[in-house]
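[1] build the 3D model from these lines:
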Amino acid sequence: MFGWFNILGWQVLFIFGMVFGYYRSDCNLWSRFGKKSFFLAAALAAVLFVFRHKLLPHSDVFHSEFLIGKPRLGPVRVLNFAVLAVVFSRPQIWPSHALWTRMLSLLGRNSLPVFSFHIVLMYLVRCFVVPHVTATQTNMAFLAVATVVLLYLPASLAEVLNYLNVQGEVSTPSS
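    Down below sits the predicted model:
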């Protein structure tokens, strides 16, 4: 009925991300985690990633659709996401002055225009570009990087429009 993904399962990740983001920004979540906790979380994330992607030979323990399945969000997949969220939310990874942090923040602040644009962009690339490109690893990597760079177009446009809207509200005299 809803297609390939379980729509309610993916809402769990969305809500989890909102709650985790709140606690990371307002409650100083990392004051409770030390270096040992960080390395333990990183090791657990690596183990779950290896099992989830079947990278170990003879590791059939987690290979059931129930445990690692994407459509129904298996528990191993969700736990791997949660542990990776803990690992990647460490403040030292995201210095506010770093260019890459500011560039990713631009995409995050404008996630709806970026997501909408990426849907259209993927259809255009798959219909008009991919059939005409020789499928070498280098060409596909270049195409992927070019496509990601194009995501900055709607983000930048949304920032400009937001700035102009704010400037219009500030300069408009109130009656």
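
[2] how far away is the residue positioned nearest the centre of the chain from residue 151?
    Closest to where the C-alpha atoms of the chain average out (C-alpha atoms, centre = their mean) is residue 108, at 8.9 Å. Remark: distance between residue 108 and residue 151 (C-beta to C-beta, to the nearest Å) = 11 Å. (Glycine included, C-beta is placed from N, CA and C.)

[3] residue 157: neighbouring residues, count only.
    Look at residue 157: counted by other C-beta atoms under 10 Å, it has 13 neighbours.

[4] surely it touches residue 113?
    Yes: contact criterion C-beta atoms under 8 Å: residue 157 and residue 113 qualify, at 7.3 Å.

[5] host element of the residue nearest to the centre of the chain?
    Element membership of residue 108 [criterion: DSSP states H and E] is helix 99-109.

[6] then that helix to PDB, C-alphas only?
    Extracted as PDB, the C-alpha positions of helix 99-109 are listed here (Å, rounded to 0.1, in the frame of the first residue of the first chain):
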ATOM      1  CA  LEU A  99      34.200  25.100   6.000                       C
ATOM      2  CA  TRP A 100      32.700  21.600   5.700                       C
ATOM      3  CA  THR A 101      30.600  22.100   8.900                       C
ATOM      4  CA  ARG A 102      29.200  25.300   7.400                       C
ATOM      5  CA  MET A 103      28.600  23.700   4.100                       C
ATOM      6  CA  LEU A 104      26.700  20.800   5.600                       C
ATOM      7  CA  SER A 105      24.800  23.200   7.800                       C
ATOM      8  CA  LEU A 106      23.600  25.000   4.700                       C
ATOM      9  CA  LEU A 107      22.100  21.800   3.400                       C
ATOM     10  CA  GLY A 108      20.600  21.000   6.700                       C
ATOM     11  CA  ARG A 109      19.000  24.400   7.200                       C
END
